[in-house]
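K.L.:
Give the three-dimensional model of this entry:
(one chain, ligands or ions: 1)
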Amino acid sequence: MRLYILDLGRCDVDKGAVLTPGSGDGTRIDIPIVGYLIQTDDGRNLLVDTGIHRKHIADPLATHRGKPFAKLLTVKMRPEDDIERRLGEIGLRAEDIDVLVSTHFHFDHCGNHADFGRARILVQRECYEAARGSDRFPRDLFDLPHLRYEMVEGDTEIAPGVRLLETSGHVPGHQSVQVRLPRTGPVILAIDAIYTAENVETDNWGVYMDQDRARASARRLVELARAERAMLVYGHDPAQWATLRKAPAYYD
Ligand SMILES: [Zn+2]
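P.N.:
Okay, here's the model as predicted:
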């Protein structure tokens, strides 16, 4: 089994407003936008998230123009950060993806779901229902008739050594992913259950939709990582990002 970490661009954000309220308010930093590809031993391709929609390469304000949030976040996406290009670098096309794990429906995680009409798309039922019932999520990006969603409820093994972990709090029904690699050992992809190491170190869940659930989900991942000596990958941590191996290199 292999794990590829896909570089899908950056966002220039107000650190305090977007990640850690009370720490770095007004300070601008670049955060990574990330997807993951897991290749199983039986030759299946599992993609986790699809990054920001490629229209932002030419128009960084495509999503937030005219909204207050535009002052807090600017997309910085190059042509090579397109999911199609990143998959191409490892010899794959969208049609080769068997399963798309959709962790949640924020614009930086579901931007190019429309490409993956051939894949089974796995999402927590709570996440899907909450997002379809709210105008806070970009339905034009994920609620499309040609996409084949399959509902998952709670922790679920989806392939030998690949497990979805229900980690609500960031949004209802957010999910993280655990992968057991032969050489590297266990890896936990926290996604937005933990934005950065600082969120855990300072117990700061101020921008999460449900702070109590977010704290419980994050603690669970930290404890699981400790118990299993797993590598814990945060969702948008620039310092950790600098240390990670990116595709076409991989972890096995
Ligand atoms: Zn995110």
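K.L.:
For the ion, what is the nearest residue in the stretch 151-252 of the chain?
P.N.:
D192 (4.4 Å; Cβ to the ion). Heads up, the C-betas are built off the backbone N, CA and C, glycines and all.
K.L.:
give me the number of residues near that residue?
P.N.:
Per other Cβ atoms under 10 Å, the neighbour tally for D192 reads 23.
K.L.:
what residues are up against it?
P.N.:
D192 sits next to T103, H104, H106, H109, H170, V171, H174, G235, H236 when contact means Cβ atoms under 8 Å, 6 or more residues apart in numbering.
K.L.:
what do you get for P60?
P.N.:
Contacts of P60 (Cβ under 8 Å, 6+ apart): T74, V75, K76, M77.
K.L.:
What residues does the stretch 51-200 of the chain have near the ion?
P.N.:
With Cβ under 5 Å from the ion as the criterion, the stretch 51-200 of the chain meets the ion at residues D108, D192.
K.L.:
what residue ranges in the stretch 51-200 of the chain score low on pLDDT?
P.N.:
For the stretch 51-200 of the chain, applying pLDDT under 70 flags no range at all.
K.L.:
let's go with 90 and repeat that
P.N.:
By pLDDT under 90, the weakly predicted segments of the stretch 51-200 of the chain are 135-136.
K.L.:
Show me what the strand or helix carrying I5 packs onto, helices and strands only.
P.N.:
Using DSSP states H and E, I5 maps to strand 2-14. Contacts defined by 3 or more Cβ pairs under 8 Å, 6 or more residues apart in numbering; DSSP states H and E place strand 2-14 against strand 28-39, strand 73-76, helix 83-89, strand 175-181.
K.L.:
ok, 6 Å please
P.N.:
strand 28-39, strand 73-76 (3 or more Cβ pairs under 6 Å, 6 or more residues apart in numbering; DSSP states H and E).
K.L.:
returning to that earlier point: among the contacts of D192, which ones are buried?
P.N.:
Buried by 16 or more other Cβ atoms under 10 Å: T103, H104, H106, H109, H170, V171, H174, G235, H236, out of these.
K.L.:
these two touch, right, the first one and Q175?
P.N.:
The one in question is T103. Yes - if you go by Cβ atoms under 6 Å, T103 and Q175 touch, sitting 5.3 Å apart.
K.L.:
what about the helices in the stretch 151-252 of the chain?
P.N.:
197-201, 211-228, 238-241 (DSSP state H, counting those that start in this stretch).
K.L.:
Let's have those in JSON lines, adding mean neighbour count.
P.N.:
Listed next are the helices of the stretch 151-252 of the chain as JSON lines, based on neighbours: other Cβ atoms under 10 Å:
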{"stretch": "helix 197-201", "mean neighbour count": "17"}
{"stretch": "helix 211-228", "mean neighbour count": "16"}
{"stretch": "helix 238-241", "mean neighbour count": "15"}
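K.L.:
Which of the ones you listed sits closest to A159?
P.N.:
In terms of Cβ to Cβ, the element of these nearest to A159 is helix 211-228, at 17.8 Å.
K.L.:
Contacts only, for A190.
P.N.:
Contacts for A190 (Cβ atoms under 6 Å, 6 or more residues apart in numbering) come out as S176, L221, Y234, G235.
K.L.:
just the contacts of D192 now: which is nearest D140?
P.N.:
When the contacts of D192 are compared for distance to D140 (Cβ to Cβ), H106 wins out at 13.6 Å.
K.L.:
Does the closest one belong to a helix, a strand or coil?
P.N.:
Using DSSP: H, G, I helix; E, B strand; the rest coil, the structure places H106 in coil.
K.L.:
Nearest to T202 among the contacts of A190?
P.N.:
Nearest to T202 among those is Y234, at 13.6 Å by Cβ to Cβ.
K.L.:
Quickly list what V123 is bridged to.
P.N.:
For V123, the beta-bridge assignment (DSSP bridges) gives partners M151.
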